[in-house]
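In: quick one, what's the 3D model for this:
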Amino acid sequence: MKRMFKLLGLCTLLLLIAGPAWAHVTVSPEEAGPDSFATLAFQVPHGCDGSATVSLSVQIPTGVVSVKPQVKPGWEISIEEGTLPEPVDYFGETLTEGVLSVTWTGGPLEDQYMDMFGMSVKLPNTEGPLFFPAIQTCQQGETAWIQIPAEGQTEEDLEEPAPAVVLEVGAGGHTDAGVEAEGEEATATAEEETEDSATDPLTIPALVVGGLGLLAGGTALVVAGRKG
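Out: Residues are numbered from 1 along each chain as shown. Alright, predicted model coming up:
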């Protein structure tokens, strides 16, 4: 019995420690490949001190382009466009204008529920954490998830950390080059299979035997018909 109480106490302590992290506005996936396309989902797990959420505004970090937010029933989307903090190379084209922020307004999303807000983006060709500061506005009050860790800090050290995606080679996502390579590989495989089946030494004899069988069957039917 004492051991059970100790375990319950430990579990409670862990929940108290981990609870604030679970309460943050976060983004998934947590990791993605540099210079890749990704579909990001921003999770709003609660309201503002019990008040329902009526808006989520996400700032687009430098280097992120081709931003397409998800349409959500009951929510209106507003996209702020303007001059990018620095030019971005997008498949040989230099972009100086783009999406600066995306805002969903509507709901309300009651405190006891959670929801996801998605967008498709093209990530920059860099490595390390990429922060998406977000403002959660509620019927009463708001929470600014905009804190970025300083050197030596982690997300756990912050009360209202900004959602972040870590860019790491091999972490996922896809590039146009990767999709093209996969398509070429699939085409080559199909062509090889076609060539193999066409040059298989057993294929031609099998076709001949099958044809002879059909011919013999047809002849037998004709003979039987004449006898009848």
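In: helix or strand right after the lowest-mean-pLDDT helix or strand in the chain?
Out: Every helix and strand in the chain was compared by mean pLDDT, DSSP states H and E; the lowest is helix 2-22, with a mean of 40. Sequence order places strand 26-28 as the next helix or strand after helix 2-22, per DSSP states H and E.
In: so what secondary structure elements neighbour that next one?
Out: strand 37-44 (3 or more C-beta pairs under 8 Å, 6 or more residues apart in numbering; DSSP states H and E). Placement of C-beta: from N, CA and C, glycine included.
In: repeat the analysis, applying 10 Å as the threshold.
Out: Applying 3 or more C-beta pairs under 10 Å, 6 or more residues apart in numbering; DSSP states H and E, one finds that strand 26-28 makes contact with strand 37-44, strand 115-122, strand 164-167.
In: partner strands of it, parallel or antiparallel?
Out: With DSSP bridges as the test, strand 26-28 is paired with strand 37-44 (antiparallel).
In: which residue ranges make up the domains of this protein?
Out: 22-172, 178-215 (automatic domain parsing).
In: quick check: mean pLDDT across the shortest one?
Out: If you average the pLDDT over domain 178-215, you get 44.
In: return the residues in contact with the closest residue to Gln59 other than its chain neighbours.
Out: Leaving out its chain neighbours, the residue that sits closest to Gln59 by C-beta to C-beta, 6 or more residues apart in numbering is Pro133, at 4.5 Å. Residues near Pro133 by C-beta atoms under 10 Å, 6 or more residues apart in numbering: 25, 57-61, 101, 144-148, 160-164.
In: list buried members of the residues you listed by neighbour count.
Out: For the contacts of Pro133, a neighbour count by 16 or more other C-beta atoms under 10 Å gives the buried set as 25, 57-61, 101, 145-147, 160-164.
In: ok, those vs Thr126, which is closest?
Out: If you rank those by distance to Thr126 using C-beta to C-beta, Pro61 comes first, at 10.1 Å.
In: the closest one against Pro124, yeah?
Out: Yes - judged on C-beta atoms under 10 Å, Pro61 makes contact with Pro124 at a distance of 8.2 Å.
In: which residues in the chain form strands?
Out: 26-28, 31-32, 37-44, 53-59, 65-69, 75-90, 93-109, 115-122, 128-131, 134-138, 142-145, 164-167 (DSSP state E).
In: list the contacts for Gly50?
Out: Shown in contact with Gly50 (C-beta under 10 Å, 6+ apart): Glu110, Asp111, Gln112, Cys138, Gln139, Gln140, Gly141.
In: dump those residues into a markdown table; add neighbour count, distance to Glu76 and pLDDT as well.
Out: Compiled in a markdown table, the contacts of Gly50 are given as follows (neighbours: other C-beta atoms under 10 Å; distance: C-beta to C-beta, whole Å; pLDDT from 0 to 100):
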| residue | neighbour count | distance to Glu76 | pLDDT |
| --- | --- | --- | --- |
| Glu110 | 15 | 18 | 97 |
| Asp111 | 17 | 21 | 96 |
| Gln112 | 9 | 23 | 95 |
| Cys138 | 21 | 17 | 97 |
| Gln139 | 17 | 16 | 97 |
| Gln140 | 12 | 20 | 96 |
| Gly141 | 12 | 21 | 95 |
